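Novice: Need the 3D shape of this:
(2 chains)
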Amino acid sequence: MQPVNPYVLSATAIDKIFPGAKALNRVDFSLRRGEVHALLGENGAGKSTLVKCLTGAYRRDGGHILVDGAEVDPRNTLEAQNLGIGTVYQEVNLLSNLTVAENLFLGRQPKRFGLVNAREMNRRARALLAEYELDIDVTAELAAYSVAVQQVVAIARAVDLSGKVLILDEPTASLDAHEVAMLFRIVRRLKERGLGIVFITHFLEQVYEISDRITVLRNGQLVGTRETADLPRRDLIAMMLGRELVQEVTAQHGPKGEGGDVRFRFRNFGRKGHIQPFDLDVRTGEVVGIAGLLGSGRTETAEILFGAERADSGAAEADGRVLDLSSPRAAIREKFGFCPEDRKIDGIVGDLSVRENIALALQARRGWTRPISRSEQDRLADQYIKALDIRTTDREKPIKLLSGGNQQKAILARWLATNPDFLILDEPTRGIDVGAHAEIIRLIESLCEKGMSLIVISSELEELVAYSSRVIVLRDRAHVAELAGDQVTTAGIVEAIASSTGRADA
Amino acid sequence: MNPRYLPLAATVAIFLIAYAICFAQYPNMLSTRVIGNLLTDNAFLGIAAVGMTFVILSGGIDLSIGAVIAFTGVLLAVLLEQTAIHPLAAFVLALAVTTAFGALMGVIIHHLEMPPFIVTLAGMFLARGMAFVLSIDSIPIKHPFYATLKGVYYKLPGGGRITLIGGLMLLVFLAGMLIAHRTRFGANVYALGGGAATARLMGVPIGRTTILIYALSGFLAGLSGIVFSLYTSAGYSLATVGVELDAIAAVVIGGTLLTGGSGFIAGTLVGILIQGLIQTYITFDGSLSSWWTKILIGLLLFAFILLQKGLIHVTDRRRRYA
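Specialist: Numbers count the residues shown, from 1 in each chain, chains lettered A, B, ... in the order given. Next up is the predicted model:
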């Protein structure tokens, strides 16, 4: 007799390549029976790509997936379900217009005389949900129930259908503490039944509460898999954020500009439900870094500074003059610029040419009644393609055909063309290759030397340390610490984040 | 009350109030004769509207049914005039053609991922065009079997009659309710209307369901064409222009969400009866233009669209703060 394979699911050397980026690079992942395995990483680290490869939503480009020791190749989520891999997403993937019972038994309704036996279906649905301590009216529409209940119904369906592996993708993101506790009771019970559970979240307290092992991904690569009990919180954060920055970047970076006089003052600036009011001063020719874990309020800070979300408290002023930041249009008039985090959604207009993408923000500021002439656009595009070394065969090429780094540079060019005084960069180096990384960092430094004020948000702590004169640390949608001078080190930032998350626990 | 019954309840309430108003002015309107005629006069529209309800529940639309009804009528008239086949055989042939026609539109909608609006619009022109190819003139149907069928009725107390076609419409509604609420296909139709992507993830056979839905709508449009030819004893390629829009109106007034996923077959019956009632009132009055039917239906549609928007808004808010 061979010993029973302890792994219900194991994936080795998984590759996934998207045009212009390698989303997963030889990632290994294994799941034991009866364990809760947390899968962690910042946005864009490859968590969801890995999950989608496991559930058949994506076809992997390389590597092997074994379920119960047998090689599998799920081509869609249905196949994965039949192989025993069930998934529950943050956005509940059930039909809110059907009843709870119909959702549980869609496609396998019990029949009598060729017709659906609704009474039997409802009885079975009640019995199934009773195992999950859920006593609800199964004949009511799913939409009538809270997200937490819908979540449990989704889990019940997934387990009932697949029953070996359960993948929970950010299931707790919109639940309150009481609901999370209920969900965790269910997860523990399923674990006792021998299911392997993959748990994706960005709440570290929950990871320590429920998980047995932790796997961390970063930039599409496996950082490591550890036993939760042997991994202190600080080491975990370092695994998630730390990054061996290429020699090139660190070697080239000179002394940081401390900046001139304070130019922009934000006082008690905030918005209820987004980010707690904060004070912030930014000097001319200074880079202020913003650090924090996912969901700590980094992007919210950027959005409120740019007027994408209107501040409901506080005021902003520049050179003693009150600024109008009520909308992005107003912010652009005040010579603000913002390169958002997800350039595919918020940044580029994929089908437009490089030239048109670069001219977009300047045109918006001038207003549509005063078009920028074609020759002026050509001159602008050529100037920035040369200055930023945007690699494209031709300025008329649709921007979606460029690589990630070059798209990012084109968006930077768009804002530089408006000649801003204050530029916000949200994750400027996300998803671009290492060479382009170094160029973007050099660019940030040179902008700073020209006297521009910059706010840079990044999960790459070494990068932040390299160019920021000060670093603001965020936690739970509030600014909790400000590091300056010698304090600006990777270890210092990790310390600040970890101690503040520790406090949240207590 | 469960909010999903609210549009249906509103429809029923409007029907009852309207009937009460009619009754107050013309007590004769509550006779079995009027009720019998209401069913007979609207039989073809009702049968087609059952098919339309399935289509709209799934989140689609079928613009071809008016043309398919006319085509069926002309086809039957031509067959009975120029050949010696029995009307029943002609019925079977017509149903086979219209069902295949609907299924073909379903195939195109699913496999070519075309919007139903465009595909069924093309189907509408095609069916209308085919009717003209068969005959431009109105052809009377004089087959004795038609007279026999028209003579079949159930006599109600008070002198009213449930004719064959009126009864057939009620049977189609019953069958429709059974299919919608008591079969896997019915659940799949609702699932499709709730969200095709999610339904696919949950294992609903999207392709088969889509094709079946449009085949069913084609079949019922064909049946409606047979009923219409019995009703008028003629086939005319210019008949039933815009009936698809009347059917859509009946479905929406019946409380079915135009975006799909929510509604009842029974509501459509009430929607049909409301339209018929307005028509009957105008006939009783005698001085009103029949365009008042269109005006009132238009106002009712607006009211129901507003009601649906309001309901969606309310349920969204409730869910958010749940």
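Novice: Okay, and the residue in the stretch 201-322 of chain B positioned nearest to chain A sits in which element?
Specialist: Scanning the stretch 201-322 of chain B for proximity to chain A using C-beta to the nearest C-beta identifies residue B:261 as nearest, at 3.9 Å. In this view, the C-beta of every residue, glycine as well, is placed from N, C-alpha and C. Under the criterion DSSP states H and E, no helix or strand holds residue B:261.
Novice: isn't it right up against residue B:196?
Specialist: No - counting by C-beta atoms under 8 Å, residue B:261 stays clear of residue B:196, with 10.4 Å between them.
Novice: any idea how far residue B:235 is from residue B:62?
Specialist: For residue B:235, the distance to residue B:62 (C-beta to C-beta, to the nearest Å) stands at 21 Å.
Novice: pLDDT below threshold where in chain B?
Specialist: Filtered on pLDDT under 70, chain B yields the residue ranges B:1-3, B:312, B:315-322.
Novice: Show me which residues of it are close to chain A?
Specialist: B:2, B:4, B:178, B:181-184, B:186-188, B:190-191, B:193-195, B:198-199, B:201-204, B:261-262, B:315, B:319, B:322 (C-beta under 8 Å from any C-beta of the partner chain).
Novice: Give me the subset of these lying in strands.
Specialist: Within the residues of chain B next to chain A, no residue falls in strands by DSSP state E.
Novice: In ChimeraX, select just the buried ones from these.
Specialist: The following ChimeraX line selects those of the residues of chain B next to chain A that are buried, judged by 16 or more other C-beta atoms under 10 Å in any protein chain shown:
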select /B:4,181,182,183,184,186,187,188,190,191,193,194,195,198,199,201,202,203,204,261,262,315
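Novice: Pull the residues that contact stretch B:130-150.
Specialist: Identification of contacts with stretch B:130-150 by C-beta atoms under 8 Å, 6 or more residues apart in numbering or on different chains yields B:67, B:70-71, B:73-78, B:80-81, B:86-88, B:163-164, B:229-230, B:233-238.
Novice: helix/strand/coil for the residue lying closest to residue A:28 once chain neighbours are set aside?
Specialist: For residue A:28, ignoring the flanking residues on the chain, the nearest one in space by C-beta to C-beta, 6 or more residues apart in numbering or on different chains is residue A:12 at 5.2 Å. Classification of residue A:12 using DSSP: H, G, I helix; E, B strand; the rest coil returns strand.
Novice: Kindly state the beta-bridge partners for residue A:12.
Specialist: residue A:64 (DSSP bridges).
Novice: again with the one 4 residues further on
Specialist: Listed by DSSP bridges, the beta-bridge partners for residue A:16 are residue A:24.
Novice: Quick one: name whatever helix or strand follows the host helix or strand of residue A:122.
Specialist: In the assignment (DSSP H and E), residue A:122 maps to helix A:118-130. The first helix or strand that comes after helix A:118-130 along the chain, using DSSP H and E, is helix A:147-161.
Novice: Tell me the buried residues in that next one?
Specialist: In helix A:147-161, counting by 16+ other C-beta under 10 Å, buried: A:147-159, A:161.
Novice: what do you get for stretch A:165-185?
Specialist: Buried residues in stretch A:165-185 (16+ other C-beta under 10 Å): A:165-172, A:175, A:179-180, A:182-184.
Novice: of the residues you listed, list those near chain B.
Specialist: Applying C-beta under 8 Å from any C-beta to the buried residues of stretch A:165-185, none is adjacent to chain B.
Novice: of all those, which two lie farthest apart?
Specialist: Among these, the pair separated by the greatest distance (C-beta to C-beta) is A:165 and A:179, at 23.4 Å.
Novice: circling back to that earlier point, okay, now the residue nearest to residue A:28: neighbour count?
Specialist: 14 (other C-beta atoms under 10 Å in any protein chain shown).
Novice: so it makes contact with residue A:64?
Specialist: Yes - Residue A:12 lies in contact with residue A:64 (C-beta under 8 Å); the separation is 5.2 Å.
Novice: what about the residue nearest the centre of chain B, helix or strand, and which?
Specialist: For chain B, residue B:49 is the residue whose C-alpha lies nearest the centre (C-alpha atoms, centre = their mean; 1.2 Å). Secondary structure assignment for residue B:49, by DSSP H and E: helix B:43-57.
Novice: Can you mark which positions in that helix are buried?
Specialist: B:43-57.
Novice: immediately after that helix, which helix or strand?
Specialist: helix B:65-82.
Novice: could you point out the longest helix in chain B?
Specialist: Ranked by number of residues, the top helix in chain B under DSSP state H is helix B:291-320.
Novice: Just give the number of residues close to residue B:20.
Specialist: Residues lying near residue B:20 (other C-beta under 10 Å) number 11.
Novice: and it, helix, strand or coil?
Specialist: Taking three-state DSSP, the label given to residue B:20 is helix.
Novice: what residues are up against residue A:34?
Specialist: Residue A:34 neighbours (C-beta under 8 Å, 6+ apart): A:191-196.
Novice: Show me which pair in those residues is furthest apart.
Specialist: Largest separation among the contacts of residue A:34 by C-beta to C-beta: A:192 and A:196, giving 12.4 Å.
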